[in-house]
Structures are given as structure tokens and as C-alpha cells.
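# Sequence and predicted structure, then a few things I'm wondering about:
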Amino acid sequence: MRPAPADPTARPAASPHRAAPPARPRRPRASDRAPSFPRDSRLVNQAEALRAEIARAARALGAPDDSTPVLERPRDPSHGDWATNVAMTLAKPLGRKPRDIAEALLGAMDLPSVGVIAADIAGPGFLNFRLDPGFLARGLLPMLANPDAWGRHDIGHGERVVVEFVSANPTGPLHVGHGRQAALGDAISTLLEWTGWAVDREFYYNDAGAQIANLAKSTQARVRELAGQALEIPEGGYHGEYIREIAQAYIAQHPDDAAGDDLAAMQAFAVAALRHEQDLDLQAFGVKFNTYYLESSLYTDGRVNTTVDALRASGHTYEEEGALFLRTTDFGDDKDRVMKKSAAKGGDYTYFVPDVAYHVTKWERGYHRAINVQGADHHSTITRVRAGLQALDIGIPKGYPDYVLHQMVTVMKGGEEVKISKRAGSYVTVRDLIDEVGRDAVRYFYLMRRGDSQLVFDIDLARSQSEENPVYYVQMAHARMSGIFRVGEIDVATVTGEGVELAVLSEPAELELIKQLLDFPSTVRGAAENLEPHRVAAWLLETARAGHTWYHKHHVLGEPEDITRARLVLARATQLGLAAGLRILGLSAPERM
RNA sequence: GCGCGUGUAGCUCAGUUGGAUAGAGCGUCUGCCUCCGGAGCAGAAGGUCGCAGGUUCGAGUCCUGCCAUGCGCACCA
């Protein structure tokens, strides 16, 4: 069992005691994004260079300084490598026809300096650019020179953010919904790290309250059953097989209480056993948390009481029929919520009160951004927790914390829905999935869809080792690229691209692959800003496809030397790109399969 | 009834923050195996983007109203 709770002072905040810090926007929005164009020569890639040049020309024509040229890769290759719609968007502010503006822009741009070899005006005013192949391929060089930096951004400026996920009650093994949270939370955390945030992954244990009491009574029922009494699992208790195992272990270690009279001891024992079990589940899944926070500690250290007192003082509470209410309707809820039950109902605090106290600690621990990953069935907590934080009026911004909700998971096997697990009884566990299909496949399947669509986990597909399984398809692409260096006995460290004529990478499949790889940084950025790891999964699949296509069509080894040298650069870049994407999602990048 | 989601190819899903002829995988059909790994590749068919309005140069994407569907709406957590 871990020492609990996480020591809030273990990692000093930047300024934990600053009074009422300025509110931070919850997340960058399109409208917040500074239309900044790098003006130095160390541009991230060609796209940025081209964008900057378009912006420069646009300003020269009198466009407002904050106009942001949108650059995109046309679906139709005949439209060039990059296209922009600035001429259309500038039509109104400049009071000119889009096509006229497009023409003027072309005249004002220094095309060769950004690698453009052909540009034309199409349709209502699109500007299409075709890049010099060699110029395009040189965009891969920074990747080879510094693989660890490729795709990273500094959006967070090192600010601290806490991502809370899984946060299961220690009342049973983790179920498939927790698994989705684990995969999502871990990938979102990694994405935030890649974009310049100082991330802490936190697990909040609901180890207090009614569910834990139920756990204790369920354990007691099993202990007594083992002592020869009739089994009487209490209402709302836990029926899973694992409770019996815990009871057996309890009796073995507490021979003096074979009758099951010490409820407190059984509770402590069961919680410890299940926390250990959940740790093993997470270990099997490869998810690590920096901090664990125990709900029970909020009671023992007085934070719950402090929070309740502060809420009372805020004037947003009232008593009715012996219960204490928080007037959450002051903050957009549709009805007020009970904070403290009436004496007749036991007089306990309802669950969201410690939750509010807990989120106060997040703020006080210096996290001015907090993200909670939860199942959609916990949706109703959002309004309550936020209302509580607002009622306290201690400078916490309105949208704090941020929530990423995911929809339910159903598991399919043999064309039928799987609903039960042997050990847990009433639900399928993460461990069941990992045992069936392996960690990598579980992670990928969890992450390949948007969180807010329901997920059907197809065990048969996930365990199939063929091209129809996207995990194998992606990992195979990486293994193939690795295989080139293995077979050619080439040390990848020698593949730097320096002095290599990359213009020979002119085959359509090569250009396609290069452009796909160059998309990686913006994919990472978009995925991080929107907290949507599935974008990386989609990128991986497309990149793998482009890689397989290229690999099949063109040989790297055994070609004329200049071609081999250039293609080794592309193979290395593909290998690195795939490995980076896989790493973000928490998957391995095997060298051979 | 109210709140939050979701409705896109036969199936499972993307859709670059409003762009050009809506994409991918699987499935189906047609081809291709002496190759750095065929655990692969090339191609084809397949769509009134739930329905109806609206906003504008332009809508799968934004707005409104319906329809279907998932979750939630406790002095449970």
C-alpha cells in the first residue's frame, strides 16, 4: 500500500501562495490563437515559411495585421502541395474581388524563397502552390538531426497542469470504462508534455463514503460465509468472486477474527487489497501516475470541514428539512444540491463536497489548469463541482476544471456483446482485455476513436495478427523501416541527410510520404489543443499506409548510390515519425515482429 | 420533460476548426507472390453527410426546429 495521501509539497508550485492569480483561459481557442508568424530564419518547416510569406504579402496589400492565412493540403493532388483561401477571406476587408487579390498576392510574394516552383489561381480564388521536391524533402532534415524535438511545441510555456483520470473506487478491479480513461488520460498527458506543459498525472481514490462501507460489509459477509454462516451480501454490496479471495486472505492474516467481527479491520484490508490490485492492472497497462490523492485524507486533515465552513460563509447555502443545501442554481444548475444529509438520513456529506475540497487543493497546489477524464455517466458532477468552486470565490476561473468525457465502451467477441468477467462478475475488466489482446492493441483500440463517440471494442479484430488490424498495420510499417537498416547493416546514426541530394525523392509515393510526415507537428499540436489523441492514431494509420505503399513500390537498398542515400533518409524519417506517434499513444515501436 | 453527447458508404469510423469532385479500414468484386518480410500491393463498385429550414461567395462543419439513439437528471458515488 502506498503512503497516503500524495504530499502536496513534494513538488513545489511555481507560486502556490499567490493570492487570487489571474484567471487562465481553459484552453486555447481558435480565436485566442495569436496570429504570430515566425520572423526569424529558423522556421519550423516549409508550411510555416510559406504561411509567413503569404502573410507578409497580404500585409503589403493592406490586410490587417492579424489576418491569419489558412494553409491546407488539398485533397486533390492536382491542386498542388499547399493551398490557401486568403484571397477569399480578404475580399471583404479589402473591398476587392478574390481573384484580383489572389493575383496581387502572387505578384507580391517571393515564391522561390519558400520553395514554390509553381503557383496558380483556381476556382473562386484559391491560391495553389507546388513546391520543389528537394525543398519539400529538406523539411525532414530537422527531424533526423533532432528526433526528440520533432513535433514538439511550446504552447504551455512550462505551466503546470494536472490530469486526473481513472480515479476508481477501490471496490473492485478496473473495468473497461476505466481502461478507456487510462488510455485517454495517459495520451492526453503525453500530448500536453509534447506541447510544453508540466504535467502531473493524478489518481483520486474515493476511499471514503457509502461505497467503501458496502465493500466492508460485503467482505464481512464473505468472511462469515467462509466461517460456515449463510451468505448475506448486503443491498448495494459487491458480489464479485474477488471479494471471496479477499475474505480468504483476510482470514489467513487475521486468525483472531475468523468470525468477521472487526468491520474496520476488514475495510482497511479490503481497500488495501483492491488498491494493490488496481495498481497491478495499471502496471499491466503501462500507465504511471505521479500522484495519488485519497478522499479519506480530505476528512482527516479537515479540508472538508474547512470547505463547508467557507461555503456557508459565502451565503450560497441554506438549510431545509434538516439538510444543508448549496444553491447551485446560482451557478447555472437546474436545481439546488444537498451538501449534508439530514440527521435522519445519516448526516453525511454528499459525494461532491469532498470533490469540491479536492479541487480546491488542485488550485492551491499551483495547477491553474486541471483536466479531468471521466465517463459520460459522471456528467452531472461537472456543474456541481464548478458551482462549489465558484461559490467559494477564491479566484478560480469559471470553467475550472476542464472535463474530457468519454462515452461508454461495449466489448464484442464472436459477434456477441461480452458483459461479464469471471472475477468481477457483473462487468468486464481491463485485465480481461489486456490478457486477450495485449497492451498495445488495447491502447490503440481505445484511442482510435473520438472520446465522445461510443466505443465498440472488437476483441476478435484486436487480436488478429493481420493487416485488418490497424495496430499491426502501423507497427509493421515501423518494423519494415527498421528492417531496411538491419538488412543493410546501416547504423541509423549515420543517416543524417547531410550532403544528400534529396531532389531525387520525386516519385509520387515518395512525395506523398514526405508530406504526410511533415504533417506530424501540426497533428500533434491539434491533438493537444483539442485533447483528442485519436488524431494521432489517424495520422499513424495514414502514415503507415503511405509507408507501406512506398516500401512496396520502391527499393531502398541496391539502387544507385544517390537514390539509396536519399531513400535511407526517407526510411529513417518514416521510422522516427511512426515511433514518435506510437510513443505518444503509449504503444511500443517494435523493430521486428 | 430537461441537460450533455451521437446520427457520414453494407459494417466500424475519420473529416485539418467554413473551402474545390466528402475520405480511410473492414466487407464485396477484379488483378498481382523468385523482391529490403506477401503479416503485403494495385484497382473497382458502393453516399439525398438523420429530416426541414436559415446564415454566405461557399455548410458534413455554424444557427433554429423536428426525428432516432446513448448517458445523466437522488438527502448514491
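Yes, it's here. Residues are numbered from 1 along each chain as shown, chains lettered A, B, ... in the order given.
# Would you mind listing what in the stretch 401-550 of chain A touches RNA strand B?
By C-beta under 7 Å from any atom of the strand, the residues of the stretch 401-550 of chain A that approach RNA strand B are A:405, A:407-408, A:448-450, A:452-456, A:465-468, A:470, A:472-473, A:476, A:479-480, A:483-484, A:487-488, A:522, A:526, A:529-530, A:532, A:534-535, A:538, A:541-542, A:545, A:548-549. Using the backbone N, CA and C atoms, a C-beta is placed for each residue, glycine as well.
# Show only the entries of these found in helices.
If you go by DSSP state H, these have A:470, A:472-473, A:476, A:479-480, A:483-484, A:487, A:522, A:526, A:529, A:534-535, A:538, A:541-542, A:545, A:548-549 in helices.
# Buried subset of those residues, written for ChimeraX?
A single ChimeraX command is used to select the members of those judged buried by 16 or more other C-beta atoms under 10 Å:
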select /A:470,472,473,476,479,480,483,484,522,529,534,535,538,541,545,548
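# Now stretch A:307-319: buried residues?
For stretch A:307-319, the neighbour count (16+ other C-beta under 10 Å) marks A:307-308, A:310-312, A:314, A:316-317 as buried.
# quick one, what contacts A:Ala528?
By C-beta atoms under 8 Å, 6 or more residues apart in numbering, the contact set of A:Ala528 is A:153, A:155, A:191-192, A:194-195.
# Among those, name the ones in helices.
A:191-192, A:194.
# Number of residues surrounding the closest residue to A:Ala273 other than its chain neighbours?
Of all residues not flanking A:Ala273 in the chain, A:Ile246 sits nearest, at 5.0 Å (C-beta to C-beta, 6 or more residues apart in numbering). Applying other C-beta atoms under 10 Å, we find 24 residues neighbouring A:Ile246.
# May I ask you to confirm that A:His157 is in contact with A:Ala198?
No - checked against C-beta atoms under 8 Å, the pair A:His157 and A:Ala198 is beyond contact range at 9.5 Å.
# who touches stretch A:451-471?
With contacts defined as C-beta under 8 Å, 6+ apart, stretch A:451-471 is touched by A:176, A:180, A:184, A:376, A:404-414, A:418, A:433, A:436-438, A:440-442, A:444-446, A:448-449, A:472-473, A:476, A:532, A:534, A:537, A:541, A:587.
# Endpoints of it, how far apart?
From its first residue to its last, stretch A:451-471 covers 18 Å (C-alpha to C-alpha, to the nearest Å).
# Tell me the spacing between the residue lying farthest from the centre of chain A and RNA strand B.
Computed with C-alpha atoms, centre = their mean, the residue of chain A farthest from its C-alpha average is A:Gly228, at 48.9 Å. To RNA strand B, A:Gly228 is 31 Å away according to C-beta to the nearest atom of the strand, to the nearest Å.
# do A:Leu557 as well
Distance from A:Leu557 to RNA strand B, counting by C-beta to the nearest atom of the strand: 4 Å.
# which residues does the closest residue to that residue other than its chain neighbours contact?
Nearest in space to A:Leu557, with sequence neighbours left out and distances taken as C-beta to C-beta, 6+ apart, is A:Gly488 at 4.8 Å. Contacts here follow C-beta under 8 Å, 6+ apart; on that basis A:Gly488 touches A:556-557, A:568.
# Got the phi and psi for the most centrally placed residue in chain A?
Ranked by distance to the mean C-alpha position of chain A (C-alpha atoms, centre = their mean), the top residue is A:Ile188 at 1.8 Å. Main-chain dihedrals, A:Ile188, degrees, to the nearest 10: phi -60, psi -40.
# From RNA strand B, how far out is it?
Distance from A:Ile188 to RNA strand B, counting by C-beta to the nearest atom of the strand: 14 Å.
# Neighbours of A:Ala104, how many?
By the criterion of other C-beta under 10 Å, A:Ala104 has 19 neighbours.
# ok, for it, nearest residue in space, not its chain neighbours?
What sits nearest to A:Ala104 in space, not counting adjacent residues and going by C-beta to C-beta, 6+ apart, is A:Leu61, at 5.6 Å.
# separation between the one you found and A:Thr84?
Here the criterion is C-beta to C-beta, to the nearest Å. By it, A:Leu61 lies 14 Å from A:Thr84.
# out of these two, which sits in the more crowded spot?
Taking other C-beta under 10 Å, A:Leu61 and A:Thr84 do not tie; A:Thr84 has more neighbours (23 against 16).
# Just the C-alpha atoms of stretch A:169-181, please, in CSV.
Extracted C-alpha coordinates of stretch A:169-181, given in CSV (Å, rounded to 0.1, in the frame of the first residue of the first chain):
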residue,chain,number,x,y,z
ASN,A,169,-13.3,3.5,-6.2
PRO,A,170,-11.1,0.8,-4.5
THR,A,171,-14.0,-1.6,-4.6
GLY,A,172,-13.1,-3.8,-7.4
PRO,A,173,-10.9,-4.4,-10.4
LEU,A,174,-10.8,-1.7,-13.1
HIS,A,175,-13.5,-2.1,-15.7
VAL,A,176,-13.3,-1.4,-19.4
GLY,A,177,-14.5,2.2,-18.9
HIS,A,178,-11.6,2.8,-16.6
GLY,A,179,-9.4,1.4,-19.3
ARG,A,180,-10.6,4.0,-21.7
GLN,A,181,-9.9,6.7,-19.2
